[in-house]
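Q: Quick check, what structure comes out for this input:
(one chain, ligands or ions: 2)
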Amino acid sequence: MRVAIIGTGYVGLVSGACLAHKGHIVQCVDIDHRKIDMINSRRPPIHEAGLEDVLASVVPERLSATADLAAAVNGADLTMIAVGTPFNGSEIDLTYIEKAAWQIGEALATKDEYHVVVVKSTVVPGTTETVVLPILERASGKKAGIDFGVGMNPEFLKEGEAIADFMNPDRVVIGGIDDASIDRQAELYSPFPGVDIVRTTPSTAEMVKYTSNALLATLISFSNEIGNTSAALGVDAMEVMKGVHLDKRFSPILPDGQRVRPGMLSYLAPGCGFGGSCFPKDVKSIIAHGQRLGQPMRLLEAVASVNADQPSQMINMLEGRFRELRGLKVAVLGMAFKPGTDDVRESPAIAVTRTLIDKGVQVVGYDPIARSAAQAILPEVVEFEENLAAAVADADAILIMTAWAELRALPAMLADMDTPPVLIDGRRLIDKSAVRDYLAIGLPTTREFSPVEPA
Ligand SMILES: NC(=O)c1ccc[n+]([C@@H]2O[C@H](COP(=O)([O-])OP(=O)(O)OC[C@H]3O[C@@H](n4cnc5c(N)ncnc54)[C@H](O)[C@@H]3O)[C@@H](O)[C@H]2O)c1
Ligand SMILES: O=c1ccn([C@@H]2O[C@H](COP(=O)(O)OP(=O)(O)O[C@H]3O[C@H](CO)[C@@H](O)[C@H](O)[C@H]3O)[C@@H](O)[C@H]2O)c(=O)[nH]1
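A: Ligands and ions are numbered 1, 2, ... in the order given. Predicted coordinates:
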């Protein structure tokens, strides 16, 4: 199938690259010429595992990038909208969606063949049918359901694992205004055999996406609140959650006797809060939408509020340890909102770094991938080191803000130091018995345990 994708961010580019890899002919459209040039020269504009290899296998034969939206739509059977949908402080901001829809509609005005326009961006329920569809009709002078189809196909990929998630989806949700709109999307996913496909209405598809993100965000805030309370009670929340997680409803046992994801506390481990471009804005957007409908979402309001406070747990632990923060040297390890990405949007590390600077701390930042993205938004007073050893040298305290695997080397590194800094783990990445001076989210500050002697 010939596909045009409007917006080549995390979702648009990964979808385009993977669909091209599956055999479709894809044109990626963006207004950002830097991205277009990079894609056409097979260089990924974002850090995402496997993306460079996929681009190398499809550009230019099956994937190309362009700024010419009308030409891309005219040459395609299906157009996907994958532009940003930020939260503007009071509601979802549909400016980019509306603009893209208008441009697509104008292109459809001169197109003879039947075409399907699919919203892939995350939009509040009702948007596809009550905002996008009327714009397409007005701009094209044509009728939805007759001259063209309209669909909604939410994306569930996770940054850092985006290619793997897109290639092996847990499910594909296809909403459409009619059978023709759904059938064409189903054809798009025909090279993904065996995947569960949910055929539904656009509004249901939109709500599946919000419900999925809201549930995951709720699990995290729930675990973080349990973590804070457990620590205050004097028990380790990780042990609490392991005990809870062994319930077969959370980690089922397969017919071969193996547990699904044995030992994985997926979305049930305490930490320093969720960030990224999705959970924070999607939770706020659906709360605002609920309010508009006269349906307050009190549980999600609490989820957002617990999350807003959670990074301050890292500061509290530091303050509990040092009488005065001013003049301390603190290594903040991890700037990305999660490992595997260079994305620092809404990263708890950024909030914590800003607070530390306000309190007069000398911050040394470190991130294996997101250094320049963090540098671009943090004040110049933050010094960044290129390697982990340099970042922690002479520090009074270390804060783990992102669960980068390479930080697992810290216990060995600290064991070699004469006066190692206190390690404060915001992601429960390090074994609590591997470091003598160790504090962590969900772990009591004064506790009985058997520390290992430094080597
Ligand atoms: N990032 C994720 O992991 C993820 C996962 C699932 C769903 N989503 C949703 O997908 C949507 C896109 O997210 P993203 O992270 O890929 O966004 P992004 O900000 O990384 O990319 C959006 C792109 O759209 C381009 N753009 C804006 N208006 C345009 C126009 N009129 N024509 C052409 N290009 C235009 C921008 O230049 C930008 O490159 C959002 O609704 C988001 O909530 C994101
Ligand atoms: O147990 C956990 C798991 C995650 N997080 C944090 O939650 C945030 C989001 O993590 P993750 O879900 O791994 O990454 P995203 O790329 O934001 O993906 C989420 O948001 C996407 C955009 O909507 C959806 O497509 C995905 O399904 C959904 O997982 C990050 O800050 C993580 O550190 C925790 O604090 N604890």
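
Q: Does ligand 1 have contacts with the helix or strand encompassing residue 216?
A: Assigned by DSSP states H and E, residue 216 falls within helix 202-233. No. Using C-beta under 6 Å from any ligand atom, helix 202-233 stays clear of ligand 1, with a minimum separation of 7.4 Å. Using the backbone N, CA and C atoms, a C-beta is placed for each residue, glycine as well.

Q: Show the subsequent helix or strand relative to that helix.
A: Next helix or strand after helix 202-233 toward the C-terminus (DSSP H and E): helix 237-245.

Q: for the protein, what spans make up the strands?
A: 2-6, 25-29, 63-66, 78-81, 115-119, 148-152, 172-176, 197-200, 329-333, 362-366, 383-384, 397-400, 422-425, 438-440 (DSSP state E).

Q: now these in CSV, with mean neighbour count?
A: Listed next are the strands of the chain as CSV, based on neighbours: other C-beta atoms under 10 Å:
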stretch, mean neighbour count
strand 2-6, 25
strand 25-29, 25
strand 63-66, 22
strand 78-81, 27
strand 115-119, 27
strand 148-152, 26
strand 172-176, 24
strand 197-200, 15
strand 329-333, 25
strand 362-366, 23
strand 383-384, 16
strand 397-400, 26
strand 422-425, 26
strand 438-440, 24
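
Q: now these as a markdown table including distance to ligand 1?
A: Output for these, formatted as a markdown table (distance: least, C-beta to the nearest ligand atom, whole Å):
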| stretch | distance to ligand 1 |
| --- | --- |
| strand 2-6 | 5 |
| strand 25-29 | 5 |
| strand 63-66 | 10 |
| strand 78-81 | 9 |
| strand 115-119 | 9 |
| strand 148-152 | 12 |
| strand 172-176 | 12 |
| strand 197-200 | 16 |
| strand 329-333 | 23 |
| strand 362-366 | 23 |
| strand 383-384 | 23 |
| strand 397-400 | 23 |
| strand 422-425 | 25 |
| strand 438-440 | 27 |
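
Q: Lowest average pLDDT across those?
A: Lowest mean pLDDT within those: strand 383-384, a mean of 91.

Q: Just name the shakiest helix or strand of the protein by mean pLDDT.
A: strand 383-384 (a mean of 91; mean pLDDT, DSSP states H and E).

Q: ok, and what's touching that one?
A: Strand 383-384 is contacted by residues 362, 363, 364, 365, 366, 367, 371, 374, 375 when judged by C-beta atoms under 8 Å, 6 or more residues apart in numbering.

Q: Direction included, what does that strand pair against?
A: Sheet pairing for strand 383-384, assigned by DSSP bridges, gives strand 362-366 (parallel).

Q: From residue 355, how far off is residue 182?
A: Separation of residue 182 from residue 355 (C-beta to C-beta, to the nearest Å) stands at 48 Å.

Q: which bits of this protein sit near ligand 2?
A: Contact residues (C-beta under 6 Å from any ligand atom) of the chain with ligand 2: 122, 155-159, 213, 216, 220, 267, 269, 271, 274-276, 278-279, 337-338.

Q: Can you tell me which of those residues are buried?
A: Applying 16 or more other C-beta atoms under 10 Å to the residues of the chain next to ligand 2, the neighbour count classes 122, 155-157, 159, 213, 216, 220, 269, 271, 274-276, 278-279, 337-338 as buried.

Q: Any regions of the protein where pLDDT drops low?
A: Applying pLDDT under 70 to the chain flags the ranges 261-263, 447-455.

Q: tell me which parts of it are close to ligand 1?
A: Going by C-beta under 6 Å from any ligand atom, the residues of the chain near ligand 1 are 6-12, 29-32, 35, 69, 82-85, 96, 99-100, 103, 121-122, 155, 157, 159, 277-278.

Q: mind listing what residue 431 touches?
A: Residues in contact with residue 431 (C-beta under 8 Å, 6+ apart) are residue 411.

Q: change the start of the numbering to 50 and stick with it
A: Sure, I'll start counting at 50 from here, so that last one is residue 480.

Q: And the nearest residue to residue 240 once chain neighbours are set aside, how close does it get to residue 166?
A: Of all residues not flanking residue 240 in the chain, residue 71 sits nearest, at 3.9 Å (C-beta to C-beta, 6 or more residues apart in numbering). From residue 71 across to residue 166, the span is 21 Å (C-beta to C-beta).

Q: Quick check: residue 234 touching residue 200?
A: Yes. Using C-beta atoms under 8 Å, residue 234 makes contact with residue 200 at a distance of 5.1 Å.

Q: Tell me the residues that contact both of these two, please.
A: Residues touching both residue 234 and residue 200 by C-beta under 8 Å, 6+ apart: 165, 167, 223, 225.

Q: These: which two are farthest apart?
A: 165 and 223 (10.7 Å; C-beta to C-beta).

Q: Give the residues shared as contacts by the two.
A: 200, 234.

Q: sorry, back to before: between the strands of the chain, which gets nearest to residue 351?
A: Residue 351 lies closest, by C-beta to C-beta, to one member of those: strand 487-489, at 23.5 Å.

Q: what's that closest one packed up against?
A: If contacts are counted by 3 or more C-beta pairs under 8 Å, 6 or more residues apart in numbering; DSSP states H and E, strand 487-489 sits against helix 361-370, strand 471-474.

Q: Can I get the ones you listed in a markdown table including distance to residue 191?
A: Output for these, formatted as a markdown table (distance: least, C-beta to C-beta, whole Å):
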| stretch | distance to residue 191 |
| --- | --- |
| helix 361-370 | 53 |
| strand 471-474 | 57 |
